[in-house]
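J.: the following comprises the amino acid sequence and a computationally predicted model.
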Amino acid sequence: MPVDYSKWDALELSDDSDIEVHPNVDKRSFIRAKQNQIHQQRFERKNKIETYKYERIINDSLLKRINSLLAALESHGAEVEKRNPDELMFQAIMESAGDSENDTPPPRPAGVHTQEKELPTYSKMMATLVDQVKAKVDEDKPENRFEAYVAEVKVHQAKVEGLQKQLLAELNDLEREEGRKITSEGIHTGFDSSHVAKHDVKPAPATKKSTTQAVEVLNPKALANQDGLKQGESQESSGAEADIDEPEGVDDDDEVEASEIGKKFATIKTGDYKTCLQFISQHPEVVAEKETDGLLVLAFNSAIAGAEDFSRQCVHQALLLQYCRALGRDGVGLFFKRITTPGHQAQKVFFDDVNSTYARIKARAKEIEKQRAREEAEGTGGVEQIQLHAVDPGTTINIKIPLEKSEDPAEIHAREVFNAFPPGLQRALESGSLDEVNKVLGKMSVEEAEEIVGQLGEGGMLSLEEQIIDATTEEGQKALKEFEEQEKFTAAQNAALSNKYADDPE
């Protein structure tokens with residue numbers, strides 16, 4: 001069936017990008033003027049349409065009364081020789097008088113003849129017409145006065161009929177012009193029906209999703225110590241050492257965990273895409289976003305535990321679910337076909353994403369291991385803390401103190417937030433050392449430290465910047481060497497994965 005696109009010819013664009021104007025005329029001002037002109041013309045056209053429709057309604061009612069008057073007057077033609085023509089005219093007026101209930105014209109629509117007085121009743125209009133007829137007959141002084149009355153009434157009848165024809169022609173032109181352009185007022189829903197085929201989905205175990213924060217817990221084992229506290233006992237907030245009052249009503253977010261079905265999907269070996277496709281077809285609920293987050297958390301925990309191979313496998317499966325969810329149900333089969341085709345661009349993009357994600361997780365896991373070892377050596381490993389660290393390698397967290405005197409509203413607000421911090425935290429921030437800030441945060445409870453970190457981000461006092469490695473120093477050469485080894489490892493893993501292909505699932 002051919003598709004008719006002619007209706008789009010009625011689109012009226014007032015902000016066409018290829019419009020050309022005089023060099024001395026501002027293009028934006030011209031477009032706004034064009035828009036105002038189109039809207040003004042549309043408003044005037046609609047107002048005229050309403051006015052003409054209303055006038056035709058009034059004229060129709062008036063024309064019915066004129067026709068009744070003329071019919072009543074002509075019915076007394078045989079009595080002309082016996083009675084006075086003026087008496088016959090008066091009798092015709094009385095006979096043609098309509099019902100008093102329908103004597104009032106309908107109210108005017110909004111914007112129609114707003115400057116004129118209220119319309120008179122139809123009986124007053126007819127009285128005025130009869131007065132005009134009598135004045136014309138008296139002025140002409142014809143021999144047959146009755147025939148003159150009839151002729152003059154017919155003249156007024158023809159005038160009203162001619163006016164009706166003129167209004168109808170103009171109304172048709174305006175409505176045709178109005179319907180020639182597509183506007184938002186003409187858009188309506190012709191029909192609205194949809195049907196979605198649903199598969200029988202087995203409900204997955206309910207897990208709550210938590211938002212990703214810029215800070216991480218370095219000692220999750222400390223949660224076991226908190227479970228050992230007896231109900232009713234209380235501990236003094238560690239934030240007292242930093243002059244911070246513990247906030248009330250702060251709820252802890254539930255940790256993201258991989259569900260049982262997600263863990264089963266994670267056990268599928270990398271490269272066995274046929275099994276992956278079958279698993280997704282049988283369990284479409286595994287494509288949910290919470291399953292991707294759960295597998296990434298599982299990969300992170302595995303990297304910390306030293307299971308690097310399983311950690312990479314979890315990252316691969318998590319991103320596989322993420323790509324399938326982004327492509328939709330119809331694009332899953334095509335995606336598997338493309339990543340199993342040697343040399344296809346989709347394969348390279350997917351493996352690069354897997355390698356980069358795993359590299360970040362592995363680097364972060366090593367940092368946490370070093371931090372835990374350092375805390376255990378210092379004797380602070382048994383307390384859960386919030387510490388600030390850059391997640392991506394090659395970046396640093398810089399501290400910016402808002403100015404005391406500034407006219408910028410954002411800077412003023414940031415300074416107010418800074419002044420509300422305890423003196424110990426203010427001194428740590430003014431030192432510009434991230435280690436000093438972490439020491440103060442380590443003295444606070446987790447809830448207090450999370451609130452402080454949120455205020456630091458709100459006030460723009462923390463910023464992430466690319467790290468510049470000075471290769472002329474011994475420390476810089478060591479950092480450069482670690483960076484090059486990480487790049488070689490990522491490239492080797494990418495090459496190894498590119499050589500592994502499963503059979504075409506289709």
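T.: Alright, I've got the coordinates.
J.: run through the residues that contact residue 104.
T.: Applying C-beta atoms under 8 Å, 6 or more residues apart in numbering, we find residue 104 in contact with 121, 122. Glycine gets a C-beta too; all of them are placed from N, C-alpha and C.
J.: in a strand, it, correct?
T.: No - under DSSP: H, G, I helix; E, B strand; the rest coil, residue 104 sits outside any strand and is assigned coil.
J.: phi, psi for it please.
T.: Here is the backbone geometry of residue 104 (degrees, to the nearest 10): phi -100, psi 130.
J.: ok, residue 340 next?
T.: The phi and psi values for residue 340, taken as degrees, to the nearest 10, are phi -100, psi 0.
J.: so what pLDDT did it get?
T.: Confidence at residue 340, expressed as pLDDT, is 83.
J.: cool, the one 3 residues further on as well?
T.: Taken from the predicted model, the pLDDT recorded for residue 343 is 78.
J.: same check, this time on residue 318
T.: Model confidence at residue 318, given as pLDDT, is 90.
J.: I'd say it and residue 290 touch.
T.: No - contact criterion C-beta atoms under 8 Å: residue 318 and residue 290 do not qualify, at 11.2 Å.
J.: okay, the two: which has more neighbours?
T.: residue 318 (25 against 18; other C-beta atoms under 10 Å).
J.: how about residue 93: what's its closest non-neighbour residue?
T.: Leaving aside its sequence neighbours, residue 93 sits nearest to residue 130 (C-beta to C-beta, 6 or more residues apart in numbering; 6.1 Å).
J.: residue 83 falls within a strand, correct?
T.: No - using three-state DSSP, the secondary structure at residue 83 is coil, not a strand.
J.: now do the strands in this protein.
T.: 216-217, 386-387, 395-399, 462-466 (DSSP state E).
J.: partners of the second one, with directions?
T.: Just to be clear, that refers to strand 386-387. Sheet pairing of strand 386-387 (DSSP bridges) gives strand 216-217 (antiparallel).
J.: how close does residue 344 get to residue 351?
T.: Taking C-beta to C-beta, to the nearest Å as the measure, residue 344 falls 11 Å from residue 351.
J.: ignore the last one, residue 444
T.: 42 Å.
J.: ditto for residue 124
T.: Distance of residue 124 to residue 351, computed by C-beta to C-beta: 90 Å.
J.: of these two, which one has the most company?
T.: Between residue 124 and residue 351, residue 351 has the larger neighbour count (other C-beta under 10 Å), namely 20 against 11.
J.: let me know the pLDDT of that one.
T.: On the pLDDT scale, residue 351 gets 87.
J.: and if you look at residue 66?
T.: pLDDT, residue 66: 90.
J.: let me see the contact set for the closest residue in space to it that isn't next to it in sequence.
T.: Leaving aside its sequence neighbours, residue 66 sits nearest to residue 157 (C-beta to C-beta, 6+ apart; 5.0 Å). Applying C-beta under 8 Å, 6+ apart to residue 157 gives the contacts 63, 66, 67, 70.
J.: just the buried subset of those, written out for PyMOL, thanks.
T.: Buried residues within the contacts of residue 157, by 16 or more other C-beta atoms under 10 Å, are selected in PyMOL with:
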select buried, resi 63+66+70
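J.: quick one, helices of the stretch 201-350 of the chain?
T.: If DSSP state H, counting those that start in this stretch is used as the criterion, the helices of the stretch 201-350 of the chain fall at 222-227, 260-266, 273-282, 289-305, 308-327, 332-339, 345-378.
J.: mean pLDDT for these: which is lowest?
T.: Among those, helix 222-227 carries the lowest mean pLDDT, at a mean of 45.
J.: hmm, back to that, make CSV out of the contacts of residue 157 and add distance to residue 411.
T.: Below are these laid out as CSV (distance: C-beta to C-beta, whole Å):
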residue, distance to residue 411
63, 76
66, 80
67, 82
70, 86
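J.: pull the longest helix from the chain.
T.: Ranked by residue count, the top helix of the chain under DSSP state H comes out as helix 27-74.
J.: give the other helices and strands that it contacts.
T.: On a contact count with 3 or more C-beta pairs under 8 Å, 6 or more residues apart in numbering; DSSP states H and E, helix 27-74 meets helix 85-96, helix 122-140, helix 145-179.
J.: what's the angle from that helix to helix 122-140?
T.: With axes from the mean of the first three to the mean of the last three C-alpha atoms, to 10 degrees as the basis, helix 27-74 and helix 122-140 are set at 70 degrees to each other.
J.: quick one, helix 27-74 and helix 85-96 angle?
T.: If you take the same axes, to 10 degrees, helix 27-74 sits at 120 degrees to helix 85-96.
J.: re earlier: put together a markdown table for the helices and strands packed on helix 27-74, with mean pLDDT and distance to residue 265 on each row.
T.: Below are these laid out as a markdown table (pLDDT from 0 to 100; distance: least, C-beta to C-beta, whole Å):
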| stretch | mean pLDDT | distance to residue 265 |
| --- | --- | --- |
| helix 85-96 | 80 | 90 |
| helix 122-140 | 86 | 83 |
| helix 145-179 | 88 | 57 |
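J.: out of the ones you listed, the one nearest residue 326 is which?
T.: Comparison of those against residue 326 by C-beta to C-beta identifies helix 145-179 as nearest, at 43.0 Å.
J.: off-centre distance for the closest one?
T.: The chain centroid and the centroid of helix 145-179 are separated by 53 Å under C-alpha atoms, centre = their mean, to the nearest Å.
J.: circling back to that earlier point, distance of the residue nearest to residue 93 from residue 423?
T.: To residue 423, residue 130 is 99 Å away according to C-beta to C-beta.
J.: the two: which is more packed in?
T.: Between residue 130 and residue 423, counted using other C-beta under 10 Å, residue 130 has the larger neighbour count: 19 against 9.
J.: separation between that one and residue 167?
T.: 24 Å.
J.: quickly note the distance from residue 266 to residue 88.
T.: To residue 88, residue 266 is 106 Å away according to C-beta to C-beta.
J.: with residue 80 instead?
T.: 7 Å.
J.: how about residue 325?
T.: Distance, residue 325 to residue 88, by C-beta to C-beta: 91 Å.
J.: so between these two, which is more surrounded?
T.: When residue 325 and residue 88 are compared for neighbours, residue 88 comes out ahead with 21 against 16, by other C-beta under 10 Å.
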